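S.K.: I would like the atomic coordinates for the input below:
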Amino acid sequence: MRVRLLGLGLAAVVFAGTAACDEDLSTLAGPTPNLEPTFSSIQNEIFNTTDSSGRLACINCHNAAGAPFNGLNLTSAVSYGNLVGVASRGRPTVLRVAPGAPEDSYLVHKLDGRPSIVGTRMPRGTGPFLTAGQITIIRRWIELGAQNN
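M.R.: Here you go, the predicted model:
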């Protein structure tokens, strides 16, 4: 009986910690207070919308007209299919989004501005760039399997 209670207590602590993880992400969203670790939220709050910091919506450049030049269309109808499980144009051996693996996802590398990227940090130019909190939420979506949710 004691072992069962201990097991239930441990399960409750793990569940509470997991639930709190996404709840804490909401405090990180900064200029996109409604951002959540779901694809629909990232599409709406990051790709489609200029945020309160002045960071331009990604689709200002990454659209059907710009895709021949920058290699990526992030408009709503095609963005998921252009990101998840697709090789990056700049580094074809790296997936744009590797489900479950943010460190292996070129999208994260471009948003962080890592030295291994081809071209410039995104969004292009001198910023404003996504905040560390916004990038953490995108990383969390990838960690959760990069679902089309």
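
S.K.: Report the distance from stretch 69-87 to the chain centre.
M.R.: Stretch 69-87 has its C-alpha centroid displaced from the chain centroid by 13 Å (CA atoms, centre = their mean, to the nearest Å).

S.K.: Can you find the helix or strand in the protein with the smallest mean pLDDT?
M.R.: Ranked by mean pLDDT, DSSP states H and E, the weakest helix or strand in the chain is helix 2-25, scoring a mean of 43.

S.K.: State the pLDDT value of the residue lying closest to G66 once chain neighbours are set aside.
M.R.: Nearest in space to G66, with sequence neighbours left out and distances taken as CB to CB, 6 or more residues apart in numbering, is N73 at 7.5 Å. Placement of C-beta: from N, CA and C, glycine included. Looking at N73, its pLDDT reads 97.

S.K.: Helix, strand or coil: sort out S41 for me.
M.R.: Recorded secondary structure, S41: helix (DSSP: H, G, I helix; E, B strand; the rest coil).

S.K.: Name the helix or strand for the nearest residue to it once chain neighbours are set aside, please.
M.R.: Leaving aside its sequence neighbours, S41 sits nearest to L35 (CB to CB, 6+ apart; 5.7 Å). For L35, there is no enclosing helix or strand under DSSP states H and E.

S.K.: any idea how far R89 is from L35?
M.R.: 26 Å (CB to CB, to the nearest Å).

S.K.: out of those two, which sits in the more crowded spot?
M.R.: Each of L35 and R89 has its neighbours counted (other CB atoms under 10 Å); L35 has more, 27 against 14.

S.K.: how near is the residue nearest in space to the middle of the chain to A65?
M.R.: Nearest to the geometric centre of the chain sits I138, at 2.2 Å (CA atoms, centre = their mean). Look at I138 and A65: by CB to CB, they are 25 Å apart.
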